[in-house]
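Student: Quick one: sequence and predicted model below, then my questions.
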Amino acid sequence: MVTVLKNAGCEVEYNPNQTCCGQPALNAGYWDEALDVAKKFVEDFTNKKRIVCPSASCVGFVKNHYKKLLKGEFDKLVLNNLSNTIYEFSDFLCNHCDINGIAPRLQGKAMYHDSCSALRECNIKASPRKLLSRVEGLEIVENPNTETCCGFGGSFAAKFEPISVAMAEQKVEDAIKLNADYIISTDLSCLMHLNGYIQKNNISIQTMHLADVLI
């Protein structure tokens with residue numbers, strides 16, 4: 001992601017001491033632990049002009065849930081500013097950068113997977129497709145079930161494994177029917193889940209994050 005942003009003319013700072021946004025802990029019911037991690041996130045990223053993240057899941061959590069989680073811990077202006085300055089990678093690239101200098105190549109056919117967080121937390125659908133349309137040699141095929149969850153859902157995959165695996169199977173079967181060489185997404189959690197199913201069943205489809213495609 002950093003490489004792609006630099007290729008688009010951005011000056012990028014990366015803090016190696018940053019940690020999780022806190023979403024996994026909160027989803028598992030560990031409110032206090034999530035609060036501690038979220039406080040560190042705010043301290044790490046407050047007063048930054050723009051924050052870009054390669055995961056819509058994290059972005060959606062910070063934008064939509066920090067105000068409730070951190071209520072009383074920080075000034076409202078600080079949390080409002082954080083919510084307004086954090087961007088998902090494809091959204092930022094399309095709407096705040098010059099993408100004319102990005103000319104990636106990838107030969108083959110790809111099915112783009114819309115993550116639930118991108119669609120429902122961040123309202124992102126067009127930006128990844130716009131970027132993928134610029135990839136020389138790549139044919140994008142649309143999954144008619146693109147808005148169906150892949151089955152990961154954080155702790156859902158652990159608590160309801162059979163259902164989660166069945167949902168991943170359906171998503172991969174959709175890619176097979178479309179003769180896709182790749183499944184591309186903006187969320188590594190979805191890709192990790194789908195790739196686990198792919199590897200276990202020796203299926204010849206490669207999962208790729210959008211940032212890796214655009215280098």
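Tutor: That came through fine. Please read all numbers here as calculations on a predicted model, not as lab measurements.
Student: Please export the C-alpha coordinates of the stretch of helix or strand Leu194 belongs to as PDB.
Tutor: If you go by DSSP states H and E, Leu194 is part of helix 188-200. Output in PDB follows, covering the C-alpha atoms of helix 188-200 (Å, rounded to 0.1, in the frame of the first residue of the first chain):
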ATOM      1  CA  LEU A 188      -7.100  -9.300   4.100                       C
ATOM      2  CA  SER A 189      -9.400 -11.000   6.600                       C
ATOM      3  CA  CYS A 190     -11.700 -12.100   3.800                       C
ATOM      4  CA  LEU A 191      -8.800 -13.200   1.700                       C
ATOM      5  CA  MET A 192      -7.200 -15.200   4.500                       C
ATOM      6  CA  HIS A 193     -10.500 -17.000   5.100                       C
ATOM      7  CA  LEU A 194     -11.000 -17.800   1.400                       C
ATOM      8  CA  ASN A 195      -7.400 -18.800   0.900                       C
ATOM      9  CA  GLY A 196      -7.600 -21.200   3.700                       C
ATOM     10  CA  TYR A 197     -10.500 -23.000   2.000                       C
ATOM     11  CA  ILE A 198      -8.700 -22.800  -1.400                       C
ATOM     12  CA  GLN A 199      -5.400 -24.300   0.000                       C
ATOM     13  CA  LYS A 200      -7.200 -27.100   1.900                       C
END
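Student: which residues touch it?
Tutor: Helix 188-200 has contacts (C-beta atoms under 8 Å, 6 or more residues apart in numbering) with 54-55, 57, 113, 115, 150-152, 154, 157, 164-165, 168-169, 171-172, 183, 185, 203, 205, 207-209. (Glycine included, C-beta is placed from N, CA and C.)
Student: next structured bit after that helix?
Tutor: Assigned by DSSP H and E, the successor of helix 188-200 is strand 206-209.
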